[in-house]
Structures are given as structure tokens and as C-alpha cells.
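>>> Here's a sequence, model it:
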Amino acid sequence: MFQSLGSNFYQTIGCFASKSEVKGVTIAQLVLKAISLLKNIGISVDGIVCDGATTNRKMWSELGIVGSQDGMKNYFEHPSIHNKRVYAFSDFVHLFKCVRNRLYNNKTLRLHSESDSVAWGYYREVYKEDTKHPANLRIALRITPQHLDLTSMAKMRLRLCTQVLSMSMAKAMRYYKSKGCVMLKSSDETANFTEFWNNLFDNLNRNLPWQGLKLNDLDGFKDALYYIDCWENEMFAGHINPEEFLTNQTAEGLRITLNSTIDLSKYLLESCSFTYVLTGKMCQDPLEKFFGIIRQSCGPNDHPTTPTFLHLYKILSVLKPPKYGNCSVTSTDTPQISLADLHEIFHNKVSCRIEKINKLKIKLDELIEEGLWEPCDILPNCSNNEECSIRDSIVYYVCGFFKTCNANHPAAELVSLKTNGKLIYPNTYLYEFLSTVEHSFSLFCHEYDGFDKVVEDITDEIETVFIPGKFENAKVSREKKKLSKLYNS
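Numbers count the residues shown, from 1 in each chain. Here you go, the predicted structure:
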């Protein structure tokens, strides 16, 4: 299969059935033949992508590709174009899963002799701390036990890998450590490790034009190469054990992929007039999608036999069903009553939730119509010097998606930790109101009529604080009028 680097399309060009695994020499011959045939129809190949299978690594060695620090070579000569390089890539999705699996299997890794260990147990501690809050208030909300206790199938899922090695996990780890979690006191190295792989994945997974890679963005890949080389040198020097480093296959795959990304991006930007490069195209995702289409075409048979696969491959390669038919429906042929009309007759019910929300709006409108009032009359004052709980920080973070205001609030610690310049700090009164809502919800969320009880609890509290506040406002207004009359006289 080939994929265009400048356009959004990909196409299969051949498949071969074999009785057992194909030798690396044969794969290398097939690759060179495919590159030559594509050149004959006007397609120039700049790189090849494969996963870390043993036969694929043998194919690399047959083509002269070496991933060690000393004899580094990440390309081979084009078979049909003189002095043109074809760069080799290892599928970065597969590499990241290998890094995660290495940490999961060994439980700890170490970057150098004087550093703390990178431990899988710290991710478990973050999840344990994150699930202590009532009403499912969480910082790393996507993490589940399935992320932390991996099965053979879970190890193959990319989502379970990237959500653990994510910026949200790193920020949550630092936040809970700052809140005094004893089990995370030595987790700085793990948080830095997590942040490094998150940033590297983002650099290798640029799929949108505004994310496009430019020449000044290549420093991130060079820093990643330096990071991996220094880590490996610590192992060669005997400062850390081989079990505390990545596998040799993973390290070489990362080194070749990073060097190829740098070299090919420079070539495309400087010699091919590319405005930007989408590094997300330098992987084998299209091949995985094609296999998924084949499985879906088999119906309930998720594991097609070789003859079935070859038959479906030929059909999908030749036949493309039209998206729209060539027939038009006139108004005279249209039925007078459609199935949608009948469906609306029998299912035209107003949502119970909408009715409850409307009742809440009516009740709040009645309170407002009794007189003008300010938020300070209803909600308690909040000091910017007070200590803040984890629950308050999470609620304040969520409030930031509604309204902007105060960055000095004591609960703004989590927002400041997670922001990259785009998060906002909510209004203090909005935070106090939603904090009250969250407290009521945590009390009644498990009950059948929880929504009604939450609404009643909130409105009762508003009425309790609002009525005295209203009288106090009226008293202050009368005093102001008296003073103004005395002043005028």
C-alpha cells in the first residue's frame, strides 16, 4: 500500500499469500520491485513504513539499514532514481505501545544512576487518589482499571497507551503530590517521563494543517534523539541495568524513525516546496484501516480465510459503489404520510429532564422578579488566602469553561497547572454557585429522584440567603437616601 504525503488518499498495490512467514530477503525484494513499478507510473517513493516484526527487521538489514548509535543509517538508494534516498520508518504507534509494555512488564525503569525510578505503581496511585472524590469528580477522568491492569488484547490498543502517557496524567501526578500524597513523593521522574512521551507522540502525530511540521519544529525530534542516546549510554556505562532501559529493538526503531522524520521533513520543505509536513502520514494507520474494512466486509466472520481475503481484496480494489444513485424521486411519487410522521405521532413526548429544567427556570425567575440583587447578596465571600481542597480545585477547573474572571483564587491551582495559555479562570460567584450544585449532587446522585432533590436543595438555599440579603439591601438604600437628603440640605 502507498500513501500520498501531499494529498489525502492511499491505495493498495498488491498482496501475496504465503504458507508461513515470508523471509526478510523476500520482503526486501518485493519492496524494491514495488518501488520500481510505482516509479513506472509516475509515483516517487520517499520512505517505507513497517512495524517491528522480526521479518521486517531482517528486511531492514538486507537493505543496509542500521539503528545503532555507531553505524546509524536510516535510508537506502532508490532502485530506479540515481542519488535518491528512500527513508525507513518504524510505525511510531507500535513503538509507543512497546515503550508502555516495557514499563508495565518490568514495573520500573531508570534514566540514570542518580535519578528516581520511573514506576508503573505511580499511575495506580494517581488513579487511587482520583477516585476518592464524591460524584465522580476527577482530574484524569479517562483512566480506568483497564488502563492499569493490561490484558493481551489491551496491550494492542493505542488509546489505552496514549491516555496513560498523557499530559493529563503528568499534571494529575504533580498536583496530587503537591497536595501531600505520600505515595507520590518520588514521582517527579515518572511525571517528566510521561510528559516527554506525550510531547513526542504529539510531534509524530500531526494530522491537521495548523499542526503542520516546519523547519523550526525539528528541534523537538533532535531533543528526543539526545534523550534516547543519553539513556542508552547510561546502560552501556553500567550505571543502570539493561532491564531499566528499552529493548534494543525499540531503541533502534525510535532512533531510525526520528532520524528519518528529520531528514525527510527537511527534504520536503527545502527541495519539494512543501509549506508544512504532516508527520501523521508517516505511519501504517491506512493499512490497519484497510484490514478493518476487510473484516467488516466478511460480516460476522472476523477472521477470514486466505481465499476469502484474496477475493475481498480484489473486489475492494476494483469495485467502488457509488455514493449516490442516478435516480431522482418526484413529488408525485412521494408518499403522503411517511414513517417519520407516524414515528412523531407515537413518540412525541417532552423529555422529563426538559420539564424539570423549565420548572427550575420559573422558580429562579420568580426570585429575581422580587427585586434587584447581586451575587454577593446570595453567595458567601471567598478569601484568596484560604487553603483549598482537591474537590474545590476540580470544581473551579470545570467552572472555567463557563466564565472568565479570577486567577488568584485559592482553587485556581489546578487550572494554573493544566493551562497552556488557553484555559480560563472562572468568576468567583459562579464557582461558589456551582460548588453548591456539586455538593447537592454528591448527596442525591444515587437516588431515583435525585434531580428534583438537587433542585429543591439549591433553591431552598438561595431563598434562605436571598431574603435576608434583600432586606439588608433595602436598609442600606434607605440610609443612603437619608444621607443624600442631609447633604443636599
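>>> right, and the helix or strand after the biggest strand by length in the chain?
Under DSSP state E, the strand in the chain containing the largest number of residues is strand 85-90. Going down the chain from strand 85-90, the next helix or strand is helix 92-106, by DSSP states H and E.
>>> residues making contact with that following helix?
Contacting residues not belonging to helix 92-106 are listed as 51-52, 109, 118, 120, 150, 155-156, 158, 161-162, 164-165, 197, 201, 204-205, 243-244, 246-247, 249-250, 253-254, 257, 282-285 [Cβ atoms under 8 Å, 6 or more residues apart in numbering]. C-betas here are computed from N, CA, C, even on glycine.
>>> I'd like to know which of those residues are buried.
Burial by neighbour count, judged by 16 or more other Cβ atoms under 10 Å, picks out 51-52, 109, 118, 120, 150, 161-162, 164-165, 197, 201, 204-205, 244, 246, 249-250, 253-254, 257, 282-285 from the contacts of helix 92-106.
>>> So which of these sit within helices?
Judged by DSSP state H, the buried ones among the contacts of helix 92-106 include 161, 162, 197, 201, 204, 249, 250, 253, 254, 257, 285 as members of helices.
>>> Sort those residues by pLDDT and name the bottom one.
Least confident of these in the model: residue 285, at 91.
>>> which residues sit in contact with that residue?
With contact taken as Cβ under 8 Å, 6+ apart, residue 285 is in contact with residue 93.
>>> show me where the stretch 151-300 of the chain has helices.
Assigned by DSSP state H, counting those that start in this stretch, the stretch 151-300 of the chain shows helices spanning 158-162, 167-178, 188-204, 219-236, 248-271, 285-297.
>>> I'd like those as TSV, with distance to residue 433 appended.
Listed next are the helices of the stretch 151-300 of the chain as TSV, based on distance: least, Cβ to Cβ, whole Å:
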stretch	distance to residue 433
helix 158-162	35
helix 167-178	24
helix 188-204	33
helix 219-236	42
helix 248-271	49
helix 285-297	45
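>>> Run a quick neighbour tally on the residue nearest to residue 31 when sequence neighbours are not counted.
With Cβ to Cβ, 6 or more residues apart in numbering as the measure, residue 48 is the residue that lies nearest to residue 31, at 6.1 Å, once sequence neighbours are left out. By other Cβ atoms under 10 Å, the residues close to residue 48 number 22.
>>> Residue 48: what secondary structure?
Residue 48 carries the three-state label strand when classified by DSSP: H, G, I helix; E, B strand; the rest coil.
>>> Quick check: it vs residue 257, distance?
Applying Cβ to Cβ, to the nearest Å, one obtains 12 Å for the distance of residue 48 from residue 257.
>>> Spell out which helix or strand contains the closest residue to residue 313 other than its chain neighbours, please.
What sits nearest to residue 313 in space, not counting adjacent residues and going by Cβ to Cβ, 6+ apart, is residue 15, at 5.6 Å. When elements are defined using DSSP H and E, residue 15 is found to belong to no helix and no strand.
>>> quick one, phi/psi of residue 15?
Main-chain dihedrals, residue 15, degrees, to the nearest 10: phi -150, psi 150.
>>> Give the full set of residues in contact with it.
The neighbours of residue 15, taking Cβ under 8 Å, 6+ apart as the test, are 309, 310, 313.
>>> Drop anything exposed from these.
309, 313.
>>> Of the contacts of residue 15, just say which sits nearest to residue 2.
Minimum distance to residue 2 across the contacts of residue 15 is 15.5 Å, recorded for residue 313 (Cβ to Cβ).
>>> which strands and helices sit next to the strand or helix carrying the closest one?
Residue 313 is part of helix 306-318, with elements assigned from DSSP H and E. Using 3 or more Cβ pairs under 8 Å, 6 or more residues apart in numbering; DSSP states H and E as the contact test, the elements touching helix 306-318 are helix 285-297.
>>> Just the element for residue 76, please.
With elements taken from DSSP H and E, the one containing residue 76 is strand 75-77.
>>> Just the buried residues of that strand, please?
Residues 75, 76 are the ones in strand 75-77 that count as buried (16+ other Cβ under 10 Å).
>>> Can we start the residue count at 129 from this point?
Noted, 129 is the first residue going forward, which turns the last one into strand 203-205.
>>> Quick one: end-to-end length of stretch 212-230, please.
For stretch 212-230, the separation between the terminal residues is 36 Å (Cα to Cα, to the nearest Å).
>>> Point to the helix or strand of the protein where mean pLDDT is at its lowest.
Using mean pLDDT, DSSP states H and E, the weakest-scoring helix or strand in the chain turns out to be helix 503-506, at a mean of 46.
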